[in-house]
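# what follows is a predicted protein model with its sequence.
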Number of protein chains: 4
Amino acid sequence: MKLRIIITGGTFDKHYDEIRGTLGFKDTHLPEILTAVRCTLPVELEINQLIDSLEMRSSNRERILASCRAAAEEHIVITHGTDTMVETARVLGEAGLKKTIVLTGAMVPYAVNGSDAMFNLGCSIAAVQVLDHGVYIAMNGRVFDWDNVVKIREKGIFEERQSTHNGD
Amino acid sequence: MKLRIIITGGTFDKHYDEIRGTLGFKDTHLPEILTAVRCTLPVELEINQLIDSLEMRSSNRERILASCRAAAEEHIVITHGTDTMVETARVLGEAGLKKTIVLTGAMVPYAVNGSDAMFNLGCSIAAVQVLDHGVYIAMNGRVFDWDNVVKIREKGIFEERQSTHNGD
Amino acid sequence: MKLRIIITGGTFDKHYDEIRGTLGFKDTHLPEILTAVRCTLPVELEINQLIDSLEMRSSNRERILASCRAAAEEHIVITHGTDTMVETARVLGEAGLKKTIVLTGAMVPYAVNGSDAMFNLGCSIAAVQVLDHGVYIAMNGRVFDWDNVVKIREKGIFEERQSTHNGD
Amino acid sequence: MKLRIIITGGTFDKHYDEIRGTLGFKDTHLPEILTAVRCTLPVELEINQLIDSLEMRSSNRERILASCRAAAEEHIVITHGTDTMVETARVLGEAGLKKTIVLTGAMVPYAVNGSDAMFNLGCSIAAVQVLDHGVYIAMNGRVFDWDNVVKIREKGIFEERQSTHNGD
């Protein structure tokens, strides 16, 4: 089994620019992480884009979908900002590809103390190997179906849709 | 779904004792980790033992098996030293419990730079939720069946049994 | 000898707010750091303000000067943003207090990988105990007199004034 | 001013060997640290030896003394294990070289969470630039004279000699 990881940026890969004093993008930390965790799974890395997910437009999501469609691999992990991860998952889910696609991200950048990036990446890499075709989000130690998940922004966590719309 | 994590020590939880200048056990880092990664899955933590897996005897493995058997939860993650993880997995696998059990560990302690602990824990927590009943090892970004895995000690990685015994 | 550390914020103490996705101030990391490094010097911590040094106005600097003047301690370290550290040092230097005052800061926040915060704090704490009365800046492993230092913003380092104005 | 750092190993530079599961020596972290903290002081690094200070014999200390004597630099920092740092300082102190020599080390390795290595290195680098000729130990945020310091092993800290021999 070979895995493709499509990198889109998000908090996961944010980098502290010490000259400007700001958080932004410089490069991805994925190669460094995969080496550190001694991942032996064959992985193809693709830097699709490096942006904050709040800046994702329809065209950005189409670029991700196009990569998923074109990928030779059947198993795909996508690193993505958390703010609009659900929207991108919907675009991919509605496309109905015959692939297993898991989106993940981080609430705290990999480069910052107390980051959830490595844990979330681990969740997504295990999930993508075991799950049936479909589109999923792996966050908070859980795996959600693309059409049954929301981000509760003020809490910074993902939940199942119904659990937040009681009485619907 | 509720998850039980059975803690047995291993490199994962090793702690640097600055007075003695040695690595040993003091307490588990699991509560700290689960908070940092903002895991929202209900998790029951059980400190079964805190030892180096090279010191595991038959009685130690029986204690782990007894905990798995007694657990109310159907999904169980076990943190374990890597050196004899395969042996413990065999004891659990041969018991044939109607549960999903995933063993994981770390090559570098959580408390040391470049640790694989958080990544491996993420892999195991996602895998245990998705896999059928059985006993598995989640290491190196992969998920192995208990009866088809070996640790290649000199490389510090896990592999499928057949891939290392070509020609059997 | 008792030391006072006057905390004013700056990059040193910036904290990642995972809900907003921004770097800002929440609290100081100084108590945590002093415990970790097992500092046995008696230290009085004072949170004077927690701001970015680019937002420092004359009134902010007066508040720092007032604290230095009022302090019972003869030895004072000030954590400060690097962008206007030189300006604050000048205000303190011109006041001519009979105290030893060392300003320090960080180019990368304490909470971010690869931070220079602990090293710089170490420099400042050693320097303040050994130097004569006066106002100094400890950055880049060096100790500068307040009236002979500039920050080279595009390089992110401090240098002696004359070395950057050749030919004056 | 040019600084020489004489590296002798000690807890400061201990490295976790993930294959053997032990702490030992592989290489020094000094170049990495000096880059991270953006030290602009000219520094000459010398790996004198890489050993645990409990294994230091008279010949090991003679090798350090020989390096100090031979050094072109007047300012020397020595990284050293804490257990016998005081003994090495005495050998150097009794030699009465016309140089400023500061020994430092760490209670927790640089590569382990919560390390005091960067802080202590910062202390020593500032102290060595400011102090008169002599031999000193920089630990716990303090600077001690070589002939007036002891390590209190059970507390893991350094103190002045007289403060521990009240009533002598």
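Yep, it's here.
# ok, the lengthiest strand in chain A near chain C or not?
For chain A, the strand that runs over the most residues, judged by DSSP state E, is strand A:43-51. No: Strand A:43-51 lies out of reach of chain C by Cβ under 8 Å from any Cβ of the partner chain, never closer than 13.0 Å. Quick note: C-beta positions are derived from backbone N, CA and C, even for glycine.
# endpoint to endpoint, stretch A:130-139 covers what distance?
Using Cα to Cα, to the nearest Å, one end of stretch A:130-139 lies 16 Å from the other.
# neighbouring contacts of it?
Applying Cβ atoms under 8 Å, 6 or more residues apart in numbering or on different chains, the external contacts of stretch A:130-139 come out as A:82, A:85-86, A:89, A:92-93, A:97-105, A:120, A:123-124, A:127-128, A:143-146, A:149, A:157-158, B:126-127, B:130-131, B:143.
# same check on stretch A:89-97?
Applying Cβ under 8 Å, 6+ apart, the contact partners of stretch A:89-97 are A:61-62, A:64-65, A:68-69, A:78, A:101, A:103, A:133-137, A:146-147, A:149.
# same thing but 6 Å
With Cβ atoms under 6 Å, 6 or more residues apart in numbering or on different chains as the test, stretch A:89-97 has contacts from A:Arg61, A:Leu65, A:Cys68, A:Ile101, A:Leu103, A:Val135, A:Ile137, A:Trp146, A:Asp147.
# what helix or strand does the fourth one sit in?
The reference is to A:Ile101. Assigned by DSSP states H and E, A:Ile101 belongs to strand A:100-104.
# hmm, back to that, quick one: is the longest strand of chain A near chain B?
No: judged by Cβ under 6 Å from any Cβ of the partner chain, strand A:43-51 stays clear of chain B, getting no closer than 7.8 Å.
# and the next helix or strand past that strand?
Sequence-wise, the next helix or strand downstream of strand A:43-51 (DSSP H and E) is helix A:58-70.
# give me the angle between that following helix and strand A:43-51.
Relative orientation of helix A:58-70 and strand A:43-51, computed by axes from the mean of the first three to the mean of the last three Cα atoms, to 10 degrees: 170 degrees.
# and whatever helix or strand comes next after helix A:58-70, what does it pack against?
With elements assigned by DSSP H and E, the helix or strand that comes after helix A:58-70 is strand A:75-79. When contacts are defined as 3 or more Cβ pairs under 6 Å, 6 or more residues apart in numbering or on different chains; DSSP states H and E, strand A:75-79 sits against strand A:3-9, strand A:100-104, helix A:117-130.
# now do strand A:75-79, average pLDDT.
What strand A:75-79 shows for mean pLDDT is 98.
# buried residues in the next helix or strand after it?
With elements assigned by DSSP H and E, the helix or strand that comes after strand A:75-79 is helix A:85-95. Using 16 or more other Cβ atoms under 10 Å in any protein chain shown as the test for burial, helix A:85-95 gives A:Met85, A:Val86, A:Thr88, A:Ala89, A:Arg90, A:Val91, A:Leu92, A:Gly93.
# stretch A:26-42 now?
By 16+ other Cβ under 10 Å, the buried positions in stretch A:26-42 come out as A:Thr28, A:His29, A:Leu30, A:Ile33, A:Leu34, A:Ala36, A:Val37, A:Arg38, A:Cys39, A:Leu41.
# same check on stretch A:113-126?
Neighbour-count burial for stretch A:113-126, counted by 16+ other Cβ under 10 Å, picks out A:113, A:115-126.
# so which of those residues are also by chain B?
A:Asp116, A:Met118, A:Phe119, A:Gly122, A:Cys123, A:Ile125, A:Ala126.
# any of the contacts of stretch A:130-139 buried? List them.
A:82, A:85-86, A:89, A:92-93, A:97, A:99-105, A:120, A:123-124, A:127-128, A:143-144, A:146, A:149, A:157-158, B:126-127, B:130-131, B:143.
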